[in-house]
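In: dropping a prediction and its sequence here:
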Amino acid sequence: MRTNKSSRLIVLVDDDEINMFICKKLLKIFDPDIETMEFLDSTTALEFVKSNNSKISLLLLDLNMPKLNGWQFLDKITMEDIGSDVVILSSSIDPNDFQKAKKEGKVKDYWSKPLTIDMLTKYFA
């Protein structure tokens, strides 16, 4: 297990409400004790992450969002040296996105939507 089971906080950052709902439900099925914080607005999510970095086990981040996209979000948390693990959860199938994600130190994986129990099992194994 990558994190202490009793203290798992997963932050979801995605402007798609349906995907957010699916993720939240799957996370609760995977582990009912997981706490989630959901943000449809990436700028609000950034402020939360800055203030609660030490409590966050995983950040699931979409790439294509208004205001502050996923790459910009990553740049900001890198500049501020925020240490949360990040997994990109995106509908993008652009090979350039995959390659760019591999070069990002904070990005632990790149998952294509929708989130699945298998993805979570592999990550937390």
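Out: Great, that's in hand. Numbering: from 1, shown residues only.

In: what bits of this structure have low per-residue confidence?
Out: 1-7 (pLDDT under 70).

In: tell me which stretches of this protein form helices.
Out: In the chain, the helices defined using DSSP state H lie at 17-30, 42-52, 70-79, 95-103, 117-124.

In: among those helices, which is nearest residue 36?
Out: helix 17-30 (5.5 Å; Cβ to Cβ). The way it works is simple: take the backbone N, C-alpha and C, and place the C-beta from them, glycine included.

In: orientation of the closest one relative to helix 117-124 in degrees?
Out: 60 degrees (axes from the mean of the first three to the mean of the last three Cα atoms, to 10 degrees).

In: which strands and helices sit next to helix 17-30?
Out: strand 9-13, strand 35-39, helix 117-124 (3 or more Cβ pairs under 8 Å, 6 or more residues apart in numbering; DSSP states H and E).

In: most tightly packed of the ones you listed?
Out: strand 9-13 (a mean of 22; mean count of other Cβ atoms under 10 Å).

In: run me through the strand neighbours of that strand, direction for each.
Out: Taking DSSP bridges as the criterion, strand 9-13 forms sheet pairs with strand 35-39 (parallel), strand 58-61 (parallel).

In: contacts for that strand?
Out: 20, 23-24, 27, 34-39, 42, 45, 48-49, 52, 55-62, 65, 70, 73, 84 (Cβ atoms under 8 Å, 6 or more residues apart in numbering).

In: among the strands paired with strand 9-13, which is nearest residue 110?
Out: So among these, strand 58-61 is nearest, using Cβ to Cβ, at 10.1 Å.

In: and the closest one, what's buried?
Out: 58-61 (16 or more other Cβ atoms under 10 Å).

In: ok, stretch 104-113 next?
Out: For stretch 104-113, by 16+ other Cβ under 10 Å, it's 106-108, 110-111.

In: isn't residue 70 right next to residue 90, touching?
Out: Yes: with contact defined as Cβ atoms under 8 Å, residue 70 reaches residue 90; the gap is 7.1 Å.

In: overlap in contacts of those two?
Out: Common neighbours of residue 70 and residue 90 (Cβ under 8 Å, 6+ apart) are 62-64.
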